[in-house]
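Undergrad: I would like to see how this sequence folds:
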Amino acid sequence: MNNYFRMPYFQEIDAFHAPTWVKQTVWYQIFPERFANGDPTNDPQDTKAWNPRIHPGRQDFYGGDLQGVLDHLDYLVELGVNGIYFNPLFLAPSNHKYDTQDYFQIDPHFGDAKLFKKLVQTAHQKGIKIMLDAVFNHIGDQSLQWQDVIQKGATSPYADWFHIRKFPVSYTTTDNFEFSQDVNYDTFAFTPHMPKLNTANPAVQDYLLKIAKYWVQEFDIDAWRLDVANEVDHHFWRRFHQEMLALKPDFYILGEIWHTSQAWLNGDELTGVMNYPYTGAIIDHFIKAQLTAPKLLAKLTSHLMKYRDSANQMMFNVLDSHDTARLLTLAKEDKTLALQTLAFTFLQPGVPSIYYGTEYAMTGANDPDCRKPMNWQPNESEQNFYQNVQNLVNLRRKHWQILSESAIIFQIQADLIVVKRECHGQSLTGIFNTTKQVQSVPTTTPILLQAGYQKNKLAPKGFIILVD
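TA: Below you'll find the predicted structure:
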């Protein structure tokens, strides 16, 4: 008689949700207003001339839209990326669209539902997945719901949709449009223009879930990135998880959380988070020289130990984004150093993400400077940097299984940082020189990628990636 008894017994429904396609993905983040202007007829009033070398103002518009993205899908295919993460696309008065006015409408300055559906379908045909940004922590003050609260106060049917301490709602205006004082309702950060939603309210939950399901059912998106996920209650995210996976069993749910995230990564809420603490440690060593090599490896190991392997495989590794200074600016425009940092990150557990323009060594300080228009006329040095990034993307795509599913081994050998990944009888080894001296690295193992390596010598800021 066969014995099927298992101890302890494991229920399959409790398994951590880790879609295989995510492990194979290299993401490309697009800030829609700044990627490409494909249709000048839908430009906002006072749209500025496209110029990647300028420093944009906080309220500036440059006319980027969905047609611009559609026109450049083949460019993304050539780069090698196979996932697009869009910052918000929905109707909103700002250029960043995190102050949502209507979640069911593509902002007309970007296009319309028909165009977006065509974009998703074309992207899928080219092997590119689509992730949208869900801003469910707060809503814009131009939304129907908040305007009703302004007009009707406590008698509004939406009064309980928010965290309001006193009626009528009010705030004191300051010289800074986005930040005010004496706000008598909860908001995102300190801006009165983004009142915080009460996601514990069943009516709010139903409304937000209706939105989330709509864009999956009608447009076949593959993932949601959840803005400020740590400020939304766990009960809602558990319900959100159930609803999304009921529509698509391999759906990817990515949370924006800037700190340790064990509470959200138990298999019933998020699939992964934007891995800022992990990549922040990388930046602190490679770019800022604030961590020694031993302390870097200790930090990375400690961070990996916080989560299941399946959760680490789903992490979203970002070195720069719409919320941070660009990598090249942090590196003081040292392309060699930026490339070394990218190479190290591409060997890590989790999936890498490229912020639009990083492949062309775009610069930019903190928001709004990190949101410059895309550079579509790169010079020779920027084109050379693109080629190096493309090589990293191709390496990651080709060796996705070993880089996603294998254990990672960190070592320090003769002042060099060594990263080893081993899986299914194959191994990849990355060797990185973060010292200020040339180091001897004799090897007979085939080299997949290298920078600063010649005649068995590895220059400062150089690296080699070996395959065996």
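
Undergrad: shaky segments in the stretch 101-250 of the chain?
TA: For the stretch 101-250 of the chain, the stretches flagged by pLDDT under 70 are 174-181.

Undergrad: Would you map the strands across it?
TA: For the stretch 101-250 of the chain, the strands defined by DSSP state E, counting those that start in this stretch cover 102-106, 129-134, 223-226.

Undergrad: Go through these and pick out the most buried.
TA: Counting by mean count of other Cβ atoms under 10 Å, strand 223-226 has the highest mean neighbour count of the strands of the stretch 101-250 of the chain, with a mean of 26. For the C-beta atoms, the positions are set from N, CA and C on the backbone; glycine is no exception.

Undergrad: Mind giving me the packing neighbours of that strand?
TA: Counting contacts by 3 or more Cβ pairs under 8 Å, 6 or more residues apart in numbering; DSSP states H and E, strand 223-226 packs against strand 83-86, strand 129-134, helix 234-247, strand 252-255.

Undergrad: now do 7 Å
TA: strand 129-134, strand 252-255 (3 or more Cβ pairs under 7 Å, 6 or more residues apart in numbering; DSSP states H and E).

Undergrad: Which residues does it contact?
TA: Outside of strand 223-226, the residues within contact range by Cβ atoms under 7 Å, 6 or more residues apart in numbering are 85, 129, 131-134, 136, 212, 251-256.

Undergrad: Could you rerun that using 8 Å?
TA: 22, 83, 85, 129-134, 136, 212, 232, 237, 240, 244, 251-256, 270, 274 (Cβ atoms under 8 Å, 6 or more residues apart in numbering).

Undergrad: any idea which strand is longest in the protein?
TA: strand 457-467 (DSSP state E).

Undergrad: show me what contacts Asp309?
TA: Pro349, Ala407.

Undergrad: and the gap between it and Arg396?
TA: Computed as Cβ to Cβ, to the nearest Å, the Asp309 to Arg396 distance reads 18 Å.

Undergrad: now the end-to-end length of stretch 63-76.
TA: Stretch 63-76 has an end-to-end distance of 20 Å (Cα to Cα, to the nearest Å).

Undergrad: That should have said stretch 392-406, apologies.
TA: With Cα to Cα, one end of stretch 392-406 sits 18 Å from the other.

Undergrad: What ranges does the protein have for its helices?
TA: 20-23, 66-71, 73-79, 113-125, 144-152, 202-219, 234-247, 276-286, 293-305, 309-312, 327-330, 335-346, 380-398, 400-405 (DSSP state H).

Undergrad: Need these in CSV (columns: distance to Leu226).
TA: Below are the helices of the chain laid out as CSV (distance: least, Cβ to Cβ, whole Å):
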stretch, distance to Leu226
helix 20-23, 15
helix 66-71, 22
helix 73-79, 23
helix 113-125, 19
helix 144-152, 20
helix 202-219, 10
helix 234-247, 8
helix 276-286, 14
helix 293-305, 21
helix 309-312, 16
helix 327-330, 24
helix 335-346, 22
helix 380-398, 25
helix 400-405, 22
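
Undergrad: Gly425 is nearest to which of those helices?
TA: In terms of Cβ to Cβ, the element of the helices of the chain nearest to Gly425 is helix 400-405, at 9.8 Å.

Undergrad: which secondary structure elements does that closest one contact?
TA: Helix 400-405 is packed against helix 20-23, strand 416-423, strand 426-432, with contacts defined by 3+ Cβ pairs under 8 Å, 6+ apart.

Undergrad: Tabulate the CA atom coordinates of that helix in PDB.
TA: What follows is helix 400-405, C-alpha atoms only, in PDB (Å, rounded to 0.1, in the frame of the first residue of the first chain):
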ATOM      1  CA  TRP A 400      18.000  34.000 -15.900                       C
ATOM      2  CA  GLN A 401      17.500  30.600 -14.200                       C
ATOM      3  CA  ILE A 402      20.900  30.500 -12.500                       C
ATOM      4  CA  LEU A 403      20.600  34.200 -11.600                       C
ATOM      5  CA  SER A 404      17.100  33.800 -10.200                       C
ATOM      6  CA  GLU A 405      16.900  30.400  -8.600                       C
END
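
Undergrad: Would you mark the buried spots in it?
TA: Going by neighbour count (16 or more other Cβ atoms under 10 Å), the buried part of helix 400-405 is Trp400, Ile402, Leu403, Ser404, Glu405.

Undergrad: before we move on, back to that, could you dump the helices and strands packed on helix 400-405 to a markdown table with distance to Ala281 and mean pLDDT?
TA: Below are these laid out as a markdown table (distance: least, Cβ to Cβ, whole Å; pLDDT from 0 to 100):
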| stretch | distance to Ala281 | mean pLDDT |
| --- | --- | --- |
| helix 20-23 | 22 | 97 |
| strand 416-423 | 12 | 95 |
| strand 426-432 | 14 | 95 |
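
Undergrad: quick one, which of those is nearest to Arg326?
TA: strand 426-432 (21.3 Å).

Undergrad: before we move on, back to that, do you know which of the helices of the chain lies nearest Pro446?
TA: Per Cβ to Cβ, nearest to Pro446 of those: helix 380-398, 12.7 Å.

Undergrad: And the closest one, what does it pack against?
TA: helix 73-79, helix 335-346, strand 351-355, strand 447-454.

Undergrad: make it 7 Å
TA: Helices and strands touching helix 380-398, by 3+ Cβ pairs under 7 Å, 6+ apart, are helix 335-346, strand 447-454.

Undergrad: Of all the helices of the chain, which one is nearest Asp415?
TA: Judged by Cβ to Cβ, the one of the helices of the chain that comes nearest to Asp415 is helix 293-305, at 7.4 Å.

Undergrad: The closest one vs strand 416-423, what angle?
TA: 30 degrees (axes from the mean of the first three to the mean of the last three Cα atoms, to 10 degrees).

Undergrad: Do I have it right that Asp284 meets Lys295?
TA: No: in this structure, Asp284 is not within contact of Lys295 by Cβ atoms under 7 Å, at 8.8 Å.

Undergrad: Run through the residues that contact Val135.
TA: By Cβ under 7 Å, 6+ apart, the neighbours of Val135 are Pro88, Tyr98, Thr100, Asp227.

Undergrad: Just give the nearest non-adjacent residue to it, would you?
TA: Asp227 (4.6 Å; Cβ to Cβ, 6 or more residues apart in numbering).

Undergrad: neighbours around the residue lying closest to Lys126 once chain neighbours are set aside, how many?
TA: Nearest residue to Lys126, sequence neighbours excluded (Cβ to Cβ, 6+ apart): Val77, at 5.3 Å. By the criterion of other Cβ atoms under 10 Å, Val77 has 14 neighbours.
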